[in-house]
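*Asks:* Return atomic coordinates for the entry below.
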Amino acid sequence: MERVKSSSDGVADIIEQWAAVRPELDVSAMSVFGPLHRSFLLYRAQISAIFESYGTNEAGFDVLASLRRAAPEHRRTAGELAAQTLVTTGGLTLRVNRLQEAGLVQRQRDGVDNRVVYVTLTEAGRRLIDEVADAHFANEQRMLAGLTNKQRTNLSALLGELESSLRAVVQLGPDGEVKDSA
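*Replies:* Numbers count the residues shown, from 1 in each chain. Presented below is the predicted three-dimensional model:
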């Protein structure tokens, strides 16, 4: 795979170095995963700064955003939240506990089936998630400002294909941990 070398991109240098010491070793996947990983680290640093400026984090945003999207009642069961946030119910409990202590969510039993517990966004939680979402999505737009709409569309499609390729070889175990299917 031909790659344009950038002075700020050490991935091409790493690939060349591997070729010099191990020419039989195919490290071409690094030309995809190297920049992807570096981009992810830059992305995560940017979104973490936004979340922290509002006194939350990625995990808290994830739960609050899921509840905000659950219109009109802004509530979900723990199982629904776990599916939406892609964490185990055990991991979700810690997130919800922290958000409840901060007054951003509350737990409510179902009026018909007492076994069902809903996590519901409080008014303070709704105000916070609206503020954070405004800043977060504006920040994401800012981070993509160097790409044209066509490049964004193409990149989105390619990343979707990459995710499908990864899902074909990786699966999640019952504990939510990634397991290699090979």
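*Asks:* ranges for the strands of this protein?
*Replies:* 75-77, 105-109, 117-121, 170-172, 178-180 (DSSP state E).
*Asks:* Determine how far the top helix by length along the chain lies from the middle of the whole chain.
*Replies:* The residue-count maximum for a helix in the chain (DSSP state H) belongs to helix 30-53. Relative to the centre of its chain, helix 30-53 is centred 10 Å away, using CA atoms, centre = their mean, to the nearest Å.
*Asks:* buried residues in that helix?
*Replies:* 30, 31, 34, 47, 50, 51 (16 or more other CB atoms under 10 Å). C-betas here are computed from N, CA, C, even on glycine.
*Asks:* Same list, the residues you listed, but as TSV with distance to residue 140 and pLDDT please.
*Replies:* Listed next are these as TSV, based on distance: CB to CB, whole Å; pLDDT from 0 to 100:
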residue	distance to residue 140	pLDDT
30	26	95
31	25	94
34	22	94
47	8	97
50	9	97
51	12	97
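*Asks:* most packed of the strands of the chain?
*Replies:* Neighbour counts (mean count of other CB atoms under 10 Å) averaged over each of these peak at strand 117-121, with a mean of 20.
*Asks:* That strand - what's its average pLDDT?
*Replies:* For strand 117-121, mean pLDDT rounds to 96.
*Asks:* Would you mind listing where this protein has pLDDT under the threshold?
*Replies:* Applying pLDDT under 70 to the chain flags the ranges 1-9, 172-182.
*Asks:* For it, just list every one of the helices.
*Replies:* Going by DSSP H, the chain shows helices at 11-21, 30-53, 58-69, 78-85, 89-101, 123-143, 149-169.
*Asks:* now, of the ones you listed, which is deepest in the fold?
*Replies:* helix 58-69 (a mean of 20).
*Asks:* quick one: it to helix 30-53, angle?
*Replies:* Interaxial angle of helix 58-69 relative to helix 30-53 (axes from the mean of the first three to the mean of the last three CA atoms, to 10 degrees): 80 degrees.
*Asks:* I would like the residues contacting helix 58-69, please.
*Replies:* Applying CB atoms under 8 Å, 6 or more residues apart in numbering, the contact partners of helix 58-69 are 44, 47-48, 51, 56, 74-76, 81, 84-85, 92, 95-96, 98-99, 104-105, 119-121, 125-126, 128-130, 132-133, 136.
*Asks:* 7 Å instead, please
*Replies:* 47-48, 51, 74-76, 81, 84-85, 95-96, 98-99, 104-105, 119, 121, 125-126, 128-129, 132-133 (CB atoms under 7 Å, 6 or more residues apart in numbering).
*Asks:* got it, and stretch 131-144?
*Replies:* 43, 46, 47, 50, 51, 54, 56, 61, 65, 152.
*Asks:* 6 Å instead, please
*Replies:* 50, 54, 61, 152 (CB atoms under 6 Å, 6 or more residues apart in numbering).
*Asks:* one step back: between the helices of the chain, which one is nearest to residue 111?
*Replies:* Of all the helices of the chain, helix 78-85 sits nearest to residue 111, with 17.2 Å by CB to CB.
*Asks:* All set, thanks.
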